[in-house]
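Q: Please work out how this folds:
(chains A and B)
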Amino acid sequence: MDYLGQLLANGLVLGAIYALAAVAFTLVYGVVRLVNFAFGELFMLGAFLTASLMLPEVRLIGMVVPMPGFSLPVAAAGAILLTGALGVLVDRIAYRPLRNAPRLAPLITSIAVSVVLQSLAQTVWGAEELRFPEFHLATLPPVVLFDSIYLSVMDLVVMATALAAMLGLSAFIARSSLGRAMRASAEDQMAATLVGIPVNRVVAAAFAIGSGFAALAGLLYAQTYGFAHSSMGFLPGLKALTAAVLGGIGSIPGAALGGLILGLVEALGSGYLPNGTAWKDAISFVLLVGLLYLRPQGLLGKPELNSAGRGSLLGGASEFGAGWLRAAFAKVDGGLARAAAAGPRAALALLAVAILVGLLVPSDYWLRILTMVVIYGMLASGLNVIVGFAGLLDLGFVAFWAVGSYLTSILFVLVLKDQFGVAPADIWWLLYLNLPLAGLLAAGFAVILGTPTLRLRGDYLAIMTLGFGEIVRVVAINWMDLTNGPMGIRGIPAPNLFGIALGSPRAQFFFALALAVLVVFAIARLVRSYVGRAWVAIREDEEAAEAMGVPTARYKLYAYAASGFVGGFVGVFYAHTQQYISPLNFSLFENILLLMLVVLGGLGTFIGPFIGALIWIVFLQLALDLPFVQAYPETRFALLGIVLIVLMVFRPQGLAASARVALTMPGTRPAKAKEAA
Amino acid sequence: MTITRIAAAMLGIGLLASPGLARAEEITIGFTAALSGDFAAFGLNMRKGLDLAVDALNKKGGNTYKIDAVDDRGEAREGVLIAQRFCSDKNVDVVMGYSFSSIALAAIPVFNECKLPVLASAVTSPALSNVSPYFRRNVLTDAVQGAMMGDYAAKTLGLKSIYVLNQQDDYGIGVAKAFSAAAEKDGAKILGTESYLLGSKDFRTLLTKVRAAKPDAIFIGGFYTEAAKIAEQARALGIKAQLLSTDGALNVELMKLGRSAAEGMIVYGMFDPAVATPATESFLTAYKATFKEDPSAWAALGYDAGMALGAAVELAAKDGPVTRESLNTAFGKLKDVPGVTGPTTFDPSGDRAGALYFLEVKDGKFGLAPKQP
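A: Residues are numbered from 1 along each chain as shown, chains lettered A, B, ... in the order given. Take a look at the predicted model:
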């Protein structure tokens, strides 16, 4: 009894914080339909600002700065106001210009904002955790219920604050005129504008309130666990998203309920399962996947929200940009469009250039970088099949990649070498067998993953696939007999052909290039076939496609399978170039990264993923040599984030958008029509 | 401008030509570790220690040293690229740093190709022993350290029942396994083992389980960030067991984060900030003066790595120009280079023999634990 009681108490404290964060998340989502990945960073800033305001002095950028030393309530109020203002600023700079842009563009800028804020926080507050200052209530002895259930006084304060804040917000949304305006904007922005609601201001207010709540949740979290750290927001941000989806995204009572359930399930799950704490994150995602399967709109959500998000995945354009900038992009675009129109000739020319580069680049270092570009380009192409062509937002792609890499590594190292003592060089041909084999295995996996998601649309789909990706990663960490766990698998042989080792960077580059030719050719054939047309039909309008007799469920599964096949196929080669893999290689960030490459280069294009990969990887390597970055390493990602925001704000449809494969009748595509106007 | 440059160039040629200074070479250290992202603290501390060592070596005259630092962000994908970057840069003579064993393991095949010596300071995986003739480290493996701690807990402290917690990675698993095996051999009972993911914040549930088992002691195989939270949450749940942890927790941040809850925790490490040998003392003062904070064990190991490099360069320079190959040979020949973590000698396996100090948190400071083996 006391065990269960303590677990319930733990779950309630955690659940209160999750609930508060989920409510903040869902408020912004309800109004702008934006999955704000920067949410976790606002959460983190709330914690840092409160801690800083409470201290007599604090070290900022290595310098000691005197601080007012407020008590917790005053500091918290200050931090909430500051974070709220920051939220409005972020909306103004990074999201508002993209209101009419393709749907994924603001998602990508929100990731970029998150990267920028996190890097800046590390620059300002340092890489170490900052101890959260003591508040006098926290020094009181714990409350002991039934002799065995311990709760600190601050735990009670946290729960009470969370409850009061949520009730207050609900009343505000229901009663106040601003609250009513928010609800109206959430229902229909166009109609709200027509009846005289200043939608932009209402959205700004939603961001201010949502960010303030994020700050509140963050500071309560920091107070409970006693620290603030620049990356502290990532996991709670993910949990807030999970809780919001669990409860039905957009519904405030739903988010509160979702948060509470998540907190309790995590506490009970890790309390009763063997080695439960290590599996904790998987538990919450299993719950999420199971619930969405049974009830796609979440616990209290409205079914109509489980539809494609507002705006097209591809159409629309940025609202601003100087004339010369537009002209510059148009030139790049025109060239790419012509190249795309030239078809095979252009592709062969590009291949010739790549071969020439591979022959002429003298430095092994740059050859490795280019190999990485080709690998990430191929992976992003695989993701592009599902996101760019079939229009299904997939955040679990990294799992297929992991399946491929692990299959070949387990076979070569753990089974053949360790169990049977077979030297990898004697079975070099297995690599070539593994390539299609891993592809098929990953495709099978993708179909298993795809089936329960068929009923989901838009952001629900994204969250469910994200859940799958995380489950696979947690399994790879914890199932040590199969994957060797976090120790990873090393000694994976470099590729070899008839006894000729292909280990040198140059050989590997050409190997990668050959695979890329295969991958792009296969995708191109598939996209131009009947299957590809069905995908594009689903992407443009699923209902219409269904009405016109496209069996959407089957073609969605084909898209998952094709995308999974590419992931597994490339994963095999990846393992053999890296020669060492561990679950660290397959984090959620890698998946977000791949998505970013696709959107940056241009969804639904063949060349886009490679352009995205080229920009990303080459930029990161070049930035290493900047003296400023050498002195402040964390600014490298901040710089990258800023570059991404700028690119997205000015060019939300992707750099190579005009090279998009035209599969529709000329003149009917909204994106084209707008650009022409 | 041009004239001064020409003059400088001529002077440079003159200097090179003059026989007395011919051996003054510039040694470029390729330094890589997680310098940003979640786990930046270890890398930044190592870097501070190494910076201090490089300053000291440069002041001494003779060969000059400079650092080319590259951040790996703790991301496995970067390991191979960074290794190749150093390999292809002919100026780089030696590679130092590394926060994660997994990233070092990924990089080693590349270093083998270009025969570039590596001297790492914070990677403790036993998988790195004997991994390459070019790889060395000046930190003990987690297997060795964990076993010493297990002996200490069961024999010296006489603890009868221990609950083992470890972070779910190569470091935590390795150290916890070695600890449990040694403690059980010496008669202690391991009541249970639970693992947690690096970066966890909430340990209440885990500790509720531990509390139900009523152990004499809890061993935390992990870093100070989690050890501090475990300590605090354990005390808040009314657990009074003796807390034991590892060199991962030997960091002044432990007391900043855990405050009174960290009192009485016993950890081990290769560096004892309280031992007042002259070498430690001058390091402590110099470190405090430069960085306005107390050094951690990682800073000390970074510093000692720098000093070992200085000794190896001197040794290599005796027989002609310093190359990657001659430097690698010299590393192998080093004998008892004095340092703040004790003398450095490398085994043929690339590991280093060394002693452990058992330290107890008392009044917010690490001091030698009252009972030593």
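
Q: Could you list the low-pLDDT ranges of the chain?
A: I'll assume chain A. A:1, A:303-323, A:325-326, A:339-343, A:458, A:661-677 (pLDDT under 70).

Q: Oops, wrong one, chain B.
A: Those would be B:1-24, B:37-38, B:274-276, if you go by pLDDT under 70 across chain B.

Q: and it, what are its domains?
A: B:18-140+B:278-333, B:143-269 (automatic domain parsing).

Q: Adding distance to chain A, write those domains out as CSV.
A: Just so you know, the C-beta spots here come from the backbone N, C-alpha and C atoms, and that holds for glycine as well. Shown next, in CSV, are the domains of chain B (distance: least, CB to the nearest CB, whole Å):
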stretch, distance to chain A
domain B:18-140+B:278-333, 3
domain B:143-269, 4
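
Q: And the strands in the stretch 351-500 of chain A, which stretches?
A: Taking DSSP state E, counting those that start in this stretch to define them, one finds strands in the stretch 351-500 of chain A at A:489-490, A:496-497, A:500-501.

Q: Residue nearest the middle of chain A, spatially speaking?
A: Residue closest to the average C-alpha location in chain A (CA atoms, centre = their mean): A:I592, at 3.9 Å.

Q: could you pull out the helices for chain B?
A: B:2-17, B:40-60, B:76-88, B:101-114, B:142-151, B:170-185, B:204-213, B:224-236, B:253-258, B:278-291, B:297-318, B:324-333 (DSSP state H).

Q: Who are the contact partners of B:D51?
A: Shown in contact with B:D51 (CB atoms under 8 Å, 6 or more residues apart in numbering or on different chains): B:67, B:290.

Q: Buried residues in the longest helix along chain A, which are they?
A: If you go by DSSP H, chain A has its longest helix at helix A:2-32. Burial within helix A:2-32, assessed by neighbour count using 16 or more other CB atoms under 10 Å in any protein chain shown, is assigned to A:6-7, A:9-32.

Q: what distance separates that helix from the middle of the whole chain?
A: 22 Å (CA atoms, centre = their mean, to the nearest Å).

Q: just checking, next helix/strand downstream of it?
A: Once the chain leaves helix A:2-32, the next helix or strand it forms, by DSSP states H and E, is helix A:39-54.

Q: From B:P215, how far off is the residue lying farthest from the centre of chain A?
A: Each residue of chain A has a distance to the centre, and by CA atoms, centre = their mean the biggest one is for A:D147: 44.4 Å. Distance of A:D147 to B:P215, given as CB to CB, to the nearest Å: 20 Å.

Q: hang on, the earlier thing: will you turn the strands of the stretch 351-500 of chain A into a markdown table that also has distance to A:A121 and mean neighbour count?
A: Converted to a markdown table, the strands of the stretch 351-500 of chain A look like this (distance: least, CB to CB, whole Å; neighbours: other CB atoms under 10 Å in any protein chain shown):
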| stretch | distance to A:A121 | mean neighbour count |
| --- | --- | --- |
| strand A:489-490 | 34 | 22 |
| strand A:496-497 | 46 | 17 |
| strand A:500-501 | 46 | 12 |
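
Q: right, and the ones you listed - which one's nearest chain B?
A: Taking CB to the nearest CB, strand A:489-490 is the member of the strands of the stretch 351-500 of chain A nearest to chain B, at 5.0 Å.

Q: Do that closest one and chain B come into contact?
A: Yes - Strand A:489-490 reaches chain B (CB under 8 Å from any CB of the partner chain) through A:R490.

Q: Stretch A:602-617 too?
A: No - Stretch A:602-617 lies out of reach of chain B by CB under 8 Å from any CB, never closer than 8.6 Å.

Q: repeat for stretch A:362-378
A: Yes - using CB under 8 Å from any CB, stretch A:362-378 comes into contact with chain B via A:363-366, A:368-369, A:372.

Q: need the contact list for A:P505.
A: Counted by CB under 8 Å, 6+ apart, A:P505 has contacts A:364-365, A:367-368, A:371, B:84.

Q: out of the residues you listed, who's nearest A:G179?
A: A:T371 (54.5 Å; CB to CB).

Q: Could you count how many residues lie near that closest one?
A: 25 (other CB atoms under 10 Å in any protein chain shown).

Q: Hmm, it is touching A:F510, no?
A: No - A:T371 is not in contact with A:F510 according to CB atoms under 8 Å; the separation is 9.2 Å.

Q: could you say what helices and strands the longest helix of chain A packs with?
A: Packing partners of helix A:2-32 (3 or more CB pairs under 8 Å, 6 or more residues apart in numbering or on different chains; DSSP states H and E): helix A:39-54, strand A:149-151, helix A:153-175, helix A:177-187, helix A:199-225, helix A:234-247, helix A:252-272, helix B:204-213.

Q: buried set for the longest one?
A: To tie it back to what came earlier, the one meant is helix A:199-225. In helix A:199-225, counting by 16+ other CB under 10 Å, buried: A:199, A:202-225.

Q: restrict the residues you listed to those near chain B?
A: Okay, of these touching chain B (CB under 8 Å from any CB), that's A:221, A:225.

Q: Might you report the residue contacts of residue 56?
A: Just so you know, I chose chain A. Here A:P56 is in contact with A:66-67, A:69 (criterion: CB under 8 Å, 6+ apart).

Q: could you do chain B instead?
A: B:A56 sits in contact with B:286, B:306-307, where contact means CB under 8 Å, 6+ apart.

Q: Buried subset of those, written for PyMOL?
A: Applied in PyMOL, the following selects the buried portion of the contacts of B:A56 according to 16+ other CB under 10 Å:
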select buried, chain B and resi 286+306+307
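
Q: Adding distance to A:A181, write the contacts of B:A56 out as a markdown table.
A: Putting the contacts of B:A56 into a markdown table (distance: CB to CB, whole Å) gives the following:
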| residue | distance to A:A181 |
| --- | --- |
| B:A286 | 62 |
| B:G306 | 62 |
| B:M307 | 67 |
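
Q: out of the contacts of B:A56, who's nearest A:L156?
A: Nearest to A:L156, judged by CB to CB, of the contacts of B:A56 is B:A286 at 47.9 Å.

Q: Name the nearest residue to that closest one, sequence neighbours excluded.
A: Among residues not flanking B:A286 along the chain, B:L52 sits closest, at 6.0 Å (CB to CB, 6 or more residues apart in numbering or on different chains).

Q: So what's the residue count around the one you found?
A: By other CB under 10 Å, the residues close to B:L52 number 23.

Q: Equivalent analysis for A:L86, please.
A: 22.

Q: What of the one 4 residues further on?
A: Neighbour count for A:V90, taken as other CB under 10 Å: 24.

Q: Between the strands of the stretch 351-500 of chain A, which one is closest to A:A514.
A: strand A:496-497 (10.7 Å).

Q: In space, what's closest to residue 366 - neighbours in sequence excluded?
A: Just so you know, I chose chain A. B:S88 (7.9 Å).

Q: other chain: chain B
A: In this structure, B:F366 finds its nearest non-sequential neighbour in B:L359, 4.4 Å apart by CB to CB, 6+ apart.

Q: does that neighbour have beta-bridge partners, and which?
A: Beta bridges link B:L359 to B:V267, B:L368, judged by DSSP bridges.

Q: residue closest to the middle of chain B?
A: Most central in chain B under CA atoms, centre = their mean is B:A122, positioned 3.1 Å from the mean C-alpha point.

Q: Could you pull up phi and psi at it?
A: Note on B:A122: its backbone torsions stand at phi -130, psi 10 [degrees, to the nearest 10].
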